[in-house]
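J.: Need coordinates for the following:
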Amino acid sequence: MLRLLAALVSVVFLVSCDDSIVKTDYKATTNGSWNKDSVVEFNFTGLDTINKHDMFINIRNDNTFSYSNLFLIAALDYPNGDTVTDTLEYMMAQPDGTWLGKGYGSIKENKLWYKENIVFPSSGVYTLRVSHAMRKNGNVEGVVNLEGITDVGFEIVKSNE
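T.: Reported below is the predicted structural model:
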């Protein structure tokens with residue numbers, strides 16, 4: 001009986017591991033509110049410099065997030081000092097208000113495409129900086145505290161190409 005249980009646990013462990021994930025990390029916002037001046041920063045090293053990767057920005061939101069889309073500014077700093085900055089828009093809900101993310105209960109996790117088939121050309125420290133760029137319609141000033149974003153993360157996976 002003990003051998004059967006050990007075998008079952010081993011199979012579950014092996015099946016649940018995703019070997020395509022290269023790097024992943026999350027950082028929590030302050031009490032589920034993301035301040036416009038709060039830049040979420042991730043540093044990572046040890047990447048394959050030959051093969052292609054896909055990058056995602058991962059966002060966890062709850063029901064207090066009152067928008068159907070999300071605007072982000074993402075900057076990727078390379079070890080050689082180059083920086084690539086992108087302004088990104090993601091749909092977070094369907095027109096009827098149904099959240100697009102996955103998850104049960106009040107928290108939804110959104111895996112948002114950031115870079116496809118990217119090659120990290122050199123070894124060293126890479127830095128990803130993410131901030132929100134939300135505005136209310138007709139308002140020049142940004143949303144100071146974006147309610148409902150509980151966590152901001154990133155994920156790098158091996159590309160399928």
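
J.: My reading is that Asn139 is in a strand; is that accurate?
T.: No - if the criterion is DSSP: H, G, I helix; E, B strand; the rest coil, then Asn139 is coil and not within a strand.

J.: Please verify my assumption that Trp99 contacts Ser106.
T.: No - the pair Trp99 and Ser106 fails to qualify as a contact (Cβ atoms under 8 Å) at a distance of 9.7 Å. Bear in mind the C-beta positions are built from the backbone N, C-alpha and C, glycine included.

J.: In terms of neighbours, single out the busier of those two.
T.: Trp99 (19 against 12; other Cβ atoms under 10 Å).

J.: beta partners for the nearest residue to the more buried one once chain neighbours are set aside?
T.: What sits nearest to Trp99 in space, not counting adjacent residues and going by Cβ to Cβ, 6 or more residues apart in numbering, is Lys108, at 4.5 Å. Beta-bridge partners recorded for Lys108 (DSSP bridges): Asn61.

J.: ok, so what distance separates Val39 from Lys23?
T.: As judged by Cβ to Cβ, to the nearest Å, Val39 and Lys23 stand 19 Å apart.

J.: Correction: the previous question concerned Asp82.
T.: As judged by Cβ to Cβ, Asp82 and Lys23 stand 19 Å apart.

J.: what does Ser66 give?
T.: For Ser66, the distance to Lys23 (Cβ to Cβ) stands at 31 Å.

J.: go on, Asp86?
T.: From Asp86 to Lys23 the distance is 19 Å (Cβ to Cβ).

J.: neighbour-wise, which of these two wins?
T.: Higher neighbour count among Asp86 and Lys23: Lys23, with 17 against 11, using other Cβ under 10 Å.

J.: for the more buried one, which residues make a bridge with it?
T.: Beta-bridge partners, per DSSP bridges, of Lys23: Ile156.

J.: what sits against Asp48?
T.: Asp48 makes contact with Val22, Phe120, according to Cβ atoms under 8 Å, 6 or more residues apart in numbering.

J.: in this structure, which segments are predicted with low confidence?
T.: 1-18 (pLDDT under 70).

J.: Can you show me the helices along it?
T.: Along the chain, the stretches classed as helices by DSSP state H are 2-16.

J.: can you give me the strands for it?
T.: Assigned by DSSP state E, the strands in the chain fall at 21-28, 33-35, 40-44, 53-61, 69-77, 83-91, 108-118, 126-132, 145-147, 149-158.

J.: which parts of the second one are buried?
T.: In this case it means strand 33-35. Buried residues in strand 33-35, counting neighbours by 16 or more other Cβ atoms under 10 Å, are found at Trp34.
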